[in-house]
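**Q** Please work out how this folds:
(2 chains)
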There are 2 protein chains.
Amino acid sequence: MADLNLIKRFSADSGFLGRYQSLAREVVIPYQEKALRDEIEGAEKSRCIENFRMAAEKLRTGTCDGEFYGMVFQDSDVAKWLEAAAYSLAIHPDPALEQRCDAVISLISSAQHPDGYLNTYFTVKSPERRWTNLCEAHELYCAGHLIEAAVAYAECTGKTEFLAVMCRMADHIYERFITNGTPGYPGHPEIELALMRLYRCTNEEKYKELALHFINVRGVDTEYYIREREICGWTVWGNNPHDREYMQCHRPVREQDTATGHAVRAAYLYTGMADAAYTTNDKTLRDACKRLWKNITQKQMYITGGIGSAYEGEAFTKNYHLPNDTAYSETCASIALIFFARQLLRLEKNGEYGDVMERALYNCVLASMQLDGTKFLYVNPLEILPGISGVAKTHPHTLPQRPKWFACACCPPNAARLLTSIAEYAWMIEERTVYSNLFVSGTLDLCDLFGGTITLQTGYPYENTLRYCFDADMELTLAVRTPDWSIQTELLLNGKPVEYEIRNGFAYIHTAFAKNDVLSVTLDFSVKRIYANANVSADSGKTAIQRGPLVYCAEGADNDGSVLDLRIRQSGQITAQPYSPDLLHGIVPLTAAGERMMNTDALYTYTAPEWIPCEITLIPYYAWGNRDLHQMRVWIPETK
Amino acid sequence: MADLNLIKRFSADSGFLGRYQSLAREVVIPYQEKALRDEIEGAEKSRCIENFRMAAEKLRTGTCDGEFYGMVFQDSDVAKWLEAAAYSLAIHPDPALEQRCDAVISLISSAQHPDGYLNTYFTVKSPERRWTNLCEAHELYCAGHLIEAAVAYAECTGKTEFLAVMCRMADHIYERFITNGTPGYPGHPEIELALMRLYRCTNEEKYKELALHFINVRGVDTEYYIREREICGWTVWGNNPHDREYMQCHRPVREQDTATGHAVRAAYLYTGMADAAYTTNDKTLRDACKRLWKNITQKQMYITGGIGSAYEGEAFTKNYHLPNDTAYSETCASIALIFFARQLLRLEKNGEYGDVMERALYNCVLASMQLDGTKFLYVNPLEILPGISGVAKTHPHTLPQRPKWFACACCPPNAARLLTSIAEYAWMIEERTVYSNLFVSGTLDLCDLFGGTITLQTGYPYENTLRYCFDADMELTLAVRTPDWSIQTELLLNGKPVEYEIRNGFAYIHTAFAKNDVLSVTLDFSVKRIYANANVSADSGKTAIQRGPLVYCAEGADNDGSVLDLRIRQSGQITAQPYSPDLLHGIVPLTAAGERMMNTDALYTYTAPEWIPCEITLIPYYAWGNRDLHQMRVWIPETK
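**A** Numbers count the residues shown, from 1 in each chain, chains lettered A, B, ... in the order given. Okay, here's the model as predicted:
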């Protein structure tokens, strides 16, 4: 069987997402490496590497010369960095970086106990407490991220030392939870999806068995965390073990139908479930995944693809609760939603998974990053109120400008690993069908499979034409996702009509492509107005604007300093302006017919305000906050 | 000097507010008495009376047979109940109630230490800690409420035992903070306004001096609470002593210009400040009060007169931050705003203080009470989202239906004392001018002053005519507030034009009224649309509806079950329907031309929803939530 590692097969060019991939490689990964090594002046210390050094020393000598530093899940920062670095090495060899990765892996290896256990928090701080607090202590979570990194490193570099280390840890976990039958499941899911990857990489059945075990026991014994707390008598954060919905263990996973609790936990869990459902052909599990997906995307998702609307618990709240200015909408949660969508797309070839993936990627995830890649957001609000956002006690989380780095550094490296592995989301190959799911400009090497390459030339998301260029005769089916917003999609082969079949959001072109063939797909880039369900209180009477995959917003910088006083005309035109290469690293601004309220100093007036016709300028949401502090709004009141 | 006790002078009839006053007397006060005595089955225990009994026993014998129960400020519940009972006795003699009050007062007296100190928390629980934690322990707050109750009881019943007890406590406080110069000021203001009342009641200068002291030292030593915490080493709730704005001590009070922190604390403080400014003719203090008033009413007040928009800290947040569904808008805070307004009205005869007082009373405060007086709200949101309100982690406070009683029972007795003393807010007499500030149907006895009574006959707030009837020849100036929403106000004396002067929101009628004269004032009751400042993000594109003093809302019960899907037509009529005596204890519903969105199951659509013309029914905000659980909304999207 050919190696289907899409990361190694695909080379993005300098197009839109290619630029972000370069940013991840050139800015984010080196920056995080420095952070992990505590080499950044004035930044929060990470001590990640130092924690591993101390753990290794303690294992060697029985003692160590310092104290564990950071979050209980600090190890996962090293893991995410190594995973991103692995992908980066696959697309852009860098012997020096690889050498440094090898050294870190060697250090990790030396922090592993003889029984396979690996976690610096417990090794350095309190070995006697290991495995006593699954609810909060993130041991299985850290193991999961390290397993993902090890799998990625093996697949991208061919080196297996790290994989062997993590197999030993997985074996240790297997022994505890399967062989010895110790009860329990992880407070923060992640190990499930990681073990499924490990299974696929090693073909070792026990890892699949272990993944299924954690999925299957979850929420069956709903008292587990309560008993555990009573027995262990210690806590990391004082999380409430009775809050089962927060940890998605309020009922068995196959019986869940509403996404609850911590959004990242939820989406990681569902990703693992969907992978398991695919791998084991488990219909009940697949149905649960589809119900949860439907609940998220039809009841609990922002138009930007953000999920988890509440700061309280970084969590899903209730159906239709999607406040704009207090949105949590964590970057990591949208990344996790993309993971979930990808697994569902494996399960079922339906364009809606790609639609949501694209929505989350181009809007929420990209917005988390400053255009120059140097600053980040965890939280992605849909409205910025200067003087309130990031300042009021109700808005501590909605920073109106991106800060440099975080003490809890989960999102930036998560974005980095997504962007460096974007090929896994852009393409999918099954039998003789090549699925083009996300439209990333670049070349896909299919020489071993079909005897040639496909190069996708596109100015997407600012140009609506996708040109698939074949450099050899290739007999395959090309399936191009037709986004839900593209009301009319036109396909031409070498400029002439081509036969194709539309099925579940994909256009299937079954043909023998010839060398130099160009399949061009023209998407409907007309500007769309979006309306929310009436139950979304925050959006009533409002509209949001989208063009192609990009959701737009109005920002004060382009609108004479204020946007809260604007309303948009229902009947007015919204016009795409010419591409402005110098504006916000290159965007297509939109202009809309609107009105501006003549505001006064009064808090309330009994006289209807005067509305002055004006032109509203809109920019892509992902580009907000790259100038000074301004009001920003995605959902804009609409009038006839 | 004649006794100006307006409570004794005024007898409300069975009109609108008279009915509420009866409810307070017949339902709220007896219910709370039972609660204080722990006689209510299934309700949260209060143990207020029991705490006093134990404190008395401990003082007598050196020990007691139980433990203090409840909040650190539990004593204040007894105080507020006694204060409400005192007012009730003044307007409606009840010897049995008075006897029970006397017994409670006697018990309170026996819980007083020989040095005057009085606080059951410290006496029962930890006498050694008294006065060590002003930041959190509410000793001065409880003293303040007991002083207010003692003053009220003396003024309303003529009995002075309680007053003597509280003078001894005030003397004790004076000795500590003035004679001995111990530093410190109360974490929760209240003592200031109470001492001003005590000063007026006793004419004892030292109480005024002590009130001024606490006002003057506040926020001068901004490190006080931080040092105190270090020294005392104990905490009640773990409040952050560095959060100076929460406790209004971030700067000297005369330099404050933005209302900050816990809204009840703030408004109690400002009330004391305004009283002191009036009493001492302190211009700088008055100016600070006016700045704070302006900030509250022009930047931080809901259209319902609610203040303190955040659940986090029950607090003011930032200018223009007035979310509707997550509003805190505590009942007690609006009551405190009414106190503040009354003191400002003493300082300056300006109708705007009465306007806000009326807004807060008829909307926020009355909404806190079920129409039958048996259930209450602490928190008064302007939008109810069933399935989210009171359920989502972001909305624990916005209960969509009124519960029976609360563990922390501050708001219901506060409303009771306001309603039983409503005459103090309705009327004001200065020299030969009688100010009619709130329009409460009933009779004001001025026989000793002007030789007769004035009876105000009115169906207000549902009828727009105020009839002032004179039962004797009376030479006085009647000053009737002309509300800001009454664009045209007509005054007639016995049906004929009368000369009057409009000055700062009052119509002054200087004349010699004759026996049987009737001055009728007709207010503009046309339905008004209110528009919020564009910076209030939650209200943009929306309008609120008001008629007379009543703010209206749309509730699902009158609108086919849903209101989030409604928008109101800018050009359409809003019509006052005939008074419906059987609907919600008698209201005037409004109907407005509107449109209903044809909602679908989709979370987002790219097609503009269809809007079907419909009639929107509006009810007064104070009456919401008296039927089943429904959507409710004050601010409604408006379209051309």
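
**Q** now stretch A:331-347: mean pLDDT?
**A** For stretch A:331-347, mean pLDDT is 97.

**Q** The longest strand seen in chain A - contacts with which helices or strands?
**A** Secondary structure of chain A per DSSP state E: the longest strand is strand A:611-620. Applying 3 or more C-beta pairs under 8 Å, 6 or more residues apart in numbering or on different chains; DSSP states H and E, one finds that strand A:611-620 makes contact with strand A:550-555, strand A:566-569, strand A:590-597. Yep, even glycine has a C-beta here, placed from its N, CA and C like the rest.

**Q** Just the CA coordinates for the longest one, please, in CSV.
**A** What follows is strand A:590-597, C-alpha atoms only, in CSV (Å, rounded to 0.1, in the frame of the first residue of the first chain):
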residue,chain,number,x,y,z
LEU,A,590,-16.5,45.1,0.5
THR,A,591,-18.6,48.2,0.6
ALA,A,592,-22.2,48.3,1.5
ALA,A,593,-25.0,50.8,1.4
GLY,A,594,-25.8,51.8,4.9
GLU,A,595,-26.8,54.5,7.3
ARG,A,596,-25.1,56.0,10.3
MET,A,597,-27.0,57.0,13.3
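
**Q** helices or strands next to the helix or strand that it is followed by in the packing?
**A** Counting by DSSP states H and E, the element after strand A:590-597 in chain order, helix or strand, is strand A:604-605. Packed against strand A:604-605 by the contact rule (3+ C-beta pairs under 8 Å, 6+ apart) you find strand B:528-532.

**Q** Direction included, what does the strand it packs on pair up with?
**A** Note on strand B:528-532: by DSSP bridges, its sheet partners are strand A:604-605 (antiparallel), strand B:542-547 (antiparallel).

**Q** tilt between the longest one and strand B:550-555?
**A** It refers to strand B:542-547. For strand B:542-547 against strand B:550-555, the angle by axes from the mean of the first three to the mean of the last three C-alpha atoms, to 10 degrees is 120 degrees.

**Q** what residues does strand B:542-547 touch?
**A** Outside strand B:542-547, the residues within contact range by C-beta atoms under 8 Å, 6 or more residues apart in numbering or on different chains are A:541, A:606, A:637, B:303, B:485, B:525-532, B:551-552, B:568, B:570, B:574, B:576, B:588, B:590, B:592, B:618, B:634-638.

**Q** With the shortest one instead?
**A** Here strand A:604-605 makes contact (C-beta under 8 Å, 6+ apart) with B:Ile303, B:Ile530, B:Tyr531, B:Ala532, B:Asn533.

**Q** about what we covered before: switch the helices and strands packed on strand A:611-620 over to JSON lines; also include mean pLDDT and mean neighbour count.
**A** Shown next, in JSON lines, are the helices and strands packed on strand A:611-620 (pLDDT from 0 to 100; neighbours: other C-beta atoms under 10 Å in any protein chain shown):
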{"stretch": "strand A:550-555", "mean pLDDT": "98", "mean neighbour count": "27"}
{"stretch": "strand A:566-569", "mean pLDDT": "96", "mean neighbour count": "22"}
{"stretch": "strand A:590-597", "mean pLDDT": "97", "mean neighbour count": "21"}
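
**Q** what would those strands look like in JSON lines with distance to chain B?
**A** JSON lines is the format used below for these (distance: least, C-beta to the nearest C-beta, whole Å):
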{"stretch": "strand A:550-555", "distance to chain B": "10"}
{"stretch": "strand A:566-569", "distance to chain B": "6"}
{"stretch": "strand A:590-597", "distance to chain B": "5"}
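
**Q** With distance to A:Thr443 added, can I get the ones you listed in a markdown table?
**A** Conversion of these to a markdown table gives the following (distance: least, C-beta to C-beta, whole Å):
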| stretch | distance to A:Thr443 |
| --- | --- |
| strand A:550-555 | 24 |
| strand A:566-569 | 41 |
| strand A:590-597 | 32 |
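
**Q** secondary structure element for A:Thr575?
**A** Following DSSP H and E, one finds A:Thr575 within strand A:574-576.

**Q** wait, does that strand contact chain B?
**A** No. Strand A:574-576 lies out of reach of chain B by C-beta under 8 Å from any C-beta of the partner chain, never closer than 12.7 Å.

**Q** partner strands of that strand, parallel or antiparallel?
**A** Using DSSP bridges, strand A:574-576 pairs in its sheet with strand A:590-597 (antiparallel).

**Q** Quick check: the gap between the residue lying closest to A:Pro186 once chain neighbours are set aside and A:Gln32.
**A** Once flanking residues are discounted, A:Pro186 sits nearest to A:Leu140: 3.8 Å by C-beta to C-beta, 6 or more residues apart in numbering or on different chains. Separation of A:Leu140 from A:Gln32 (C-beta to C-beta, to the nearest Å): 23 Å.

**Q** Can you classify A:Thr326 as helix, strand or coil?
**A** Of the three states, A:Thr326 takes coil according to DSSP: H, G, I helix; E, B strand; the rest coil.

**Q** A:Thr394 is in contact with that one, correct?
**A** Yes. Between A:Thr326 and A:Thr394 there is a contact at 6.5 Å, judged by C-beta atoms under 8 Å.

**Q** what residues do the two have in common as contacts?
**A** B:Pro323, B:Thr326.

**Q** what about the closest residue in space to A:Tyr462 that isn't next to it in sequence, how many neighbours?
**A** Spatial nearest neighbour of A:Tyr462, chain neighbours left out: A:Val588 (5.0 Å); criterion: C-beta to C-beta, 6+ apart. Neighbour count of A:Val588, defined by other C-beta atoms under 10 Å in any protein chain shown: 23.

**Q** List the residues that contact A:Val588.
**A** Counted by C-beta under 8 Å, 6+ apart, A:Val588 has contacts A:Tyr462, A:Arg547, A:Ala576, A:Gln577, A:Pro578, A:Tyr579, A:Ser580, A:Pro620.

**Q** What of A:Tyr302?
**A** A:Tyr302 neighbours (C-beta under 8 Å, 6+ apart): A:Ser309, A:Leu322, A:Ala327, A:Ser329, A:Cys364, A:Leu382.

**Q** Which helix or strand lies directly C-terminal to the helix or strand hosting A:Ala152?
**A** Using DSSP H and E, A:Ala152 sits within helix A:139-157. Helices and strands here follow DSSP H and E; after helix A:139-157, the next one along the chain is helix A:161-174.

**Q** from the chain's centre, how far out does that following helix sit?
**A** 26 Å (C-alpha atoms, centre = their mean, to the nearest Å).

**Q** Just name whatever secondary elements that helix is in contact with.
**A** By 3+ C-beta pairs under 8 Å, 6+ apart, helix A:161-174 packs against helix A:95-110, helix A:139-157, helix A:191-202, helix A:205-217.

**Q** Using TSV, please lay out those together with distance to B:Ala211.
**A** Listed next are those as TSV, based on distance: least, C-beta to C-beta, whole Å:
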stretch	distance to B:Ala211
helix A:95-110	66
helix A:139-157	57
helix A:191-202	63
helix A:205-217	64
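
**Q** Pipe the ones you listed into TSV and attach mean neighbour count and mean pLDDT per row.
**A** Converted to TSV, the helices and strands packed on helix A:161-174 look like this (neighbours: other C-beta atoms under 10 Å in any protein chain shown; pLDDT from 0 to 100):
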stretch	mean neighbour count	mean pLDDT
helix A:95-110	16	97
helix A:139-157	26	97
helix A:191-202	25	98
helix A:205-217	20	98
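
**Q** follow-up on the earlier one: counting contacts, what elements does the helix holding A:Ala152 pack onto?
**A** Applying 3+ C-beta pairs under 8 Å, 6+ apart, one finds that helix A:139-157 contacts helix A:6-9, helix A:75-91, helix A:95-110, helix A:161-174, helix A:191-202.

**Q** let's see it at 10 Å
**A** Helices and strands touching helix A:139-157, by 3 or more C-beta pairs under 10 Å, 6 or more residues apart in numbering or on different chains; DSSP states H and E, are helix A:6-9, helix A:75-91, helix A:95-110, helix A:161-174, helix A:191-202, helix A:205-217, helix A:263-280, helix A:411-420.

**Q** After the third one, heading C-terminal, what element do we hit next?
**A** Which is helix A:95-110. Along the chain past helix A:95-110, the next helix or strand (assigned with DSSP H and E) turns out to be helix A:120.

**Q** again, but for the first one
**A** Counting by DSSP H and E, the element after helix A:6-9 in chain order, helix or strand, is strand A:10-12.
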